Structures are given as structure tokens and as C-alpha cells.
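In: pasting the sequence and the predicted model now:
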There are 2 protein chains.
Amino acid sequence: MGSEMQVVPARRGRAVRLKAGQAIRIVNTHGSQVVDTWAFNADDMGEFMSMEHLHATLGSVFPVTGGALVTNRRRPILVLEEDSSPGRHDTVIAACDVHRYALLGCQGYHDNCTDNLHAALGMLGLRSGETPAPLNLWMNIPIGAEGRIEWGEPLSKPGDHVVLRAAMDCIVAMSTCPQDMIPINGANCTPTEVHYEVLG
Amino acid sequence: MGSEMQVVPARRGRAVRLKAGQAIRIVNTHGSQVVDTWAFNADDMGEFMSMEHLHATLGSVFPVTGGALVTNRRRPILVLEEDSSPGRHDTVIAACDVHRYALLGCQGYHDNCTDNLHAALGMLGLRSGETPAPLNLWMNIPIGAEGRIEWGEPLSKPGDHVVLRAAMDCIVAMSTCPQDMIPINGANCTPTEVHYEVLG
């Protein structure tokens, strides 16, 4: 059931099917790439990993290694089984979209995680009417005492990885965030590829 | 264009239509009732107030008096024009639902904000396929330095109010949170009615 490393090219999306018990290992190849991540029940796209439900279940805005990531029906869909990075993954910020880049001053189309999600699902012949709030792997958003959000640079290093184990048959979608107008993908504002493999 | 005070009974939902420029004043009549609140574009239920988009726009997990509440297309839909309370309103926790109460140990059906939202929309002949993350008025969820969430009691007092001014024609839905298993609606765990009026 092993597999080879696959690439998510810079600024793009990919989705994979996992059977319950399988896992995906996502590698931050160059060290500072944010990966917006979603999961959907393979039998019902209306059930998906939900950050607002996770907050209540977990009692935290940061995921916990060994802990379950839950759906909008509060069922475990993935387990964050391994995390070699300091564990700073964002759960409160929406996927970027054309509106976000327009507000930042971008003229014309800009690659974005929302469109990448739907394109990645489309490659598998799937469709979601929703864009759930993503698990933003390696996105470093400290929240201050008065609720103030800061836009930090990732704390990860090249080769850091997470392993997400499927608790049900599911689709995992990833987008290498194309944000190049603020340093969310590191100080040089250059989105990069990441790699992944499915573990049997 | 004035109107009279209306009630949202304890443990129930209500929805109202607002024209751009109109406002709704919501009064925490008995002082410690959480009100889950949503807003939808009147011309397109697929556009709605979105907490995860708000976080990015606002740079905060707490709404700001005088500030706009934005949609999943990052457009202002409501403005928090007045707030007589200390301003602690939650934006990170999902609406409660049957699954939440089952996990808390409830046997059988429990009133919940998710069903209240859809029932309230149904009273206006409307339907949403989604349950967006709500603005939980008066719900006091401090977030600690390490991202830890606490379930606090409301900091509001009887008669505290907010005024939400419509930035576009919209539907505002409210649910008096029926949570009576943890003290999110105050120490005595007793959900109460709240009142509202539409301001021309």
C-alpha cells in the first residue's frame, strides 16, 4: 500500500482519496510554504472538516498532535498523527480568494486557494458547493490577549512534515497558498511546491 | 420606518429582512443570553457573513464597534454600529447542533442553534444549504496565549444592546442559544428570551 512522493506545484491544488486507516504525509519541502488543507467525507461532500466545530471539540485554536480533526457533524475525519514542526497551524483565517487579492491591490486574476480547492476536487470529478474554512498548515497566526491577529512567517523548516490519518473514507484537498503580496509564505514572498505521499 | 420591540423566545430562532441602511437593535433583555447571529445577502443566499473572512479583514477575533462585518466575498454586510456591552462576542465557535448535545451526554433531541437558524429562515420562505459560522453575540470565549479556549460567562448586563446596520439588503437570523448543559448563558444555565427592533 506504499506510494511515491507526489508534488503539489507552487500556487496549485491537488486532492487525494484516502480509505479509513490510510494516511497522507505532507512535506514542507522548502520549509516555509503554507498549505491550505480540507477534508470531505468520501460518501457525502456535505460533511467536511470544520474549523469552527474543531475549536469547540478541541478547546483550542491550534490543532494538537495526536488529536482528531472533526467534521461539521463533530465526527473525527483525520487525526494529526505526526508533526515535526512547532505545531503552529492556523484555523481561523479563510482561504484566500480573488476578492482578497483585489482588496490587496492586485489588478486582474491572482491564483488563490479557493479556486485551487475547487479545481483539485474537479480533477477527481467531485464538487463542493462550499468552501469550508481550511486547516492552514504552517500558517503562523498568533492571536494576542485582546484577540489581535498577527500575520507571522512560518516557524517550519525545510523537510518538516505532518501525517494526517483518515478516520473515515475521505478526500483530502491541499493548496500551496499563492500568497505573494504579504510574507505569509516566508519573508521572500515566493510560493513553492510541496510534496506528499499516501501511507497505506 | 420605526417598529416595535419583538421577541426571540428562549431557545428559538427568528429572522428579519433589512434593507440597506436599516438596522436591527438586539437587546440582551435578561443580561446573559448568547445570541447566535447570521446575515445573508437578500439577493443571493450563497453570500453570507463569514467569521473566517472577517478575521482576515479585521485582524482580530473580536468584532470592533464601528467596524464592518464582511461576507464570504469580503464585502460589508452589517456594521456593528453600537455596542453597550464590553464587546466580547465570539467568532470562532460553531453553532450548537444535535451532535454537540449528544457528545455532552444529552439523550434525545435538544433544541439547538443550527436547527433554529434553518427554522427561522424557513419562516421567511428561505433556505440555506450551509450553516455559516455565526457571530455569537455576548458569548465570552477568551483565547489564551497558547491558543487555549475558555468557556466564559457573558460579560453583558440586563438591557445591553447592539445595533447592526445593514450595508446591503440582507436577512439577519438570530437564535437564543439553548445551551443549558454548560454555563455559556450564565451560571444558572437557563436560556432566556431576548428582544429586537428594526430601526428605519
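Out: In hand now; what should we look at?
In: where does chain A dip in pLDDT?
Out: Within chain A, the ranges that satisfy pLDDT under 70 run A:1-3.
In: could you rerun that using 50?
Out: The model of chain A has pLDDT under 50 over residues A:1-2.
In: go ahead and confirm residue A:34 touches residue A:186.
Out: No - using CB atoms under 8 Å, residue A:34 is not in contact with residue A:186, being 9.1 Å away. (Each C-beta comes from the backbone N, C-alpha and C, glycine too.)
In: show me which of these two is the more surrounded one.
Out: Neighbours were counted for residue A:34 and for residue A:186 using other CB atoms under 10 Å in any protein chain shown; residue A:34 has more, 30 against 18.
In: residue contacts, the closest residue in space to residue A:65 that isn't next to it in sequence?
Out: Distances taken as CB to CB, 6 or more residues apart in numbering or on different chains place residue A:83 nearest to residue A:65, at 4.7 Å, with adjacent residues excluded. Going by CB atoms under 8 Å, 6 or more residues apart in numbering or on different chains, residue A:83 touches A:65, A:161-163.
In: farthest-apart pair in these, please.
Out: Of all pairs drawn from the contacts of residue A:83, the one with the longest distance (CB to CB) is A:65 and A:161, at 12.0 Å.
In: give me the common contacts of these two.
Out: A:82-83.
In: the two: who's more crowded?
Out: Using other CB under 10 Å as the criterion, residue A:65 and residue A:161 rank with residue A:161 on top: 19 against 14.
In: overlap in contacts of residue A:34 and residue A:186?
Out: With CB under 8 Å, 6+ apart as the test, residue A:34 and residue A:186 both reach residue A:154.
In: which other helices and strands does the longest helix along chain A contact?
Out: Longest helix of chain A, by residue count under DSSP state H: helix A:113-123. Judged by 3 or more CB pairs under 8 Å, 6 or more residues apart in numbering or on different chains; DSSP states H and E, the packing partners of helix A:113-123 are strand A:13-18, strand A:35-41, strand A:170-176.
In: got the contact list for the first one?
Out: Contacts of strand A:13-18 with the rest of the structure, by CB under 8 Å, 6+ apart, involve A:6, A:8, A:24, A:42, A:113, A:115-117, A:119-121, A:123-124, A:126, A:166, A:169-176, A:196, A:198.
In: can you flag the buried ones in the residues you listed?
Out: The neighbour count (16 or more other CB atoms under 10 Å in any protein chain shown) marks A:8, A:24, A:42, A:113, A:115-117, A:120-121, A:126, A:166, A:170-176, A:196, A:198 as buried among the contacts of strand A:13-18.
In: can you pull up the bridge partners for the spatially most central residue of chain A?
Out: Taking CA atoms, centre = their mean, the centroid of chain A lies closest to residue A:37, which sits 2.1 Å from it. Under DSSP bridges, the beta-bridge partners of residue A:37 are residue A:135, residue A:174.
In: report the contact partners of it.
Out: A:26, A:134-137, A:164, A:172-175.
In: run the last query once more with 7 Å
Out: Neighbour list for residue A:37: A:134-135, A:137, A:172, A:174 [criterion: CB atoms under 7 Å, 6 or more residues apart in numbering or on different chains].
In: get me the contact residues on chain A for chain B.
Out: Residues of chain A lying near chain B by CB under 7 Å from any CB of the partner chain: A:50, A:52-53, A:55-56, A:59-62, A:73-74, A:92-94, A:99-100, A:103, A:129-130, A:133, A:143, A:147-149.
In: need the strands for chain A, in chain order.
Out: A:6-8, A:13-18, A:23-28, A:35-41, A:44-48, A:68-70, A:76-83, A:135-137, A:160-166, A:170-176, A:194-199 (DSSP state E).
In: tabulate the ones you listed (CSV), appending distance to residue B:13.
Out: As requested, these are exported to CSV (distance: least, CB to CB, whole Å):
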stretch, distance to residue B:13
strand A:6-8, 41
strand A:13-18, 35
strand A:23-28, 39
strand A:35-41, 27
strand A:44-48, 21
strand A:68-70, 24
strand A:76-83, 28
strand A:135-137, 29
strand A:160-166, 35
strand A:170-176, 31
strand A:194-199, 42
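In: out of the ones you listed, the one nearest residue B:69 is which?
Out: strand A:135-137 (21.6 Å).
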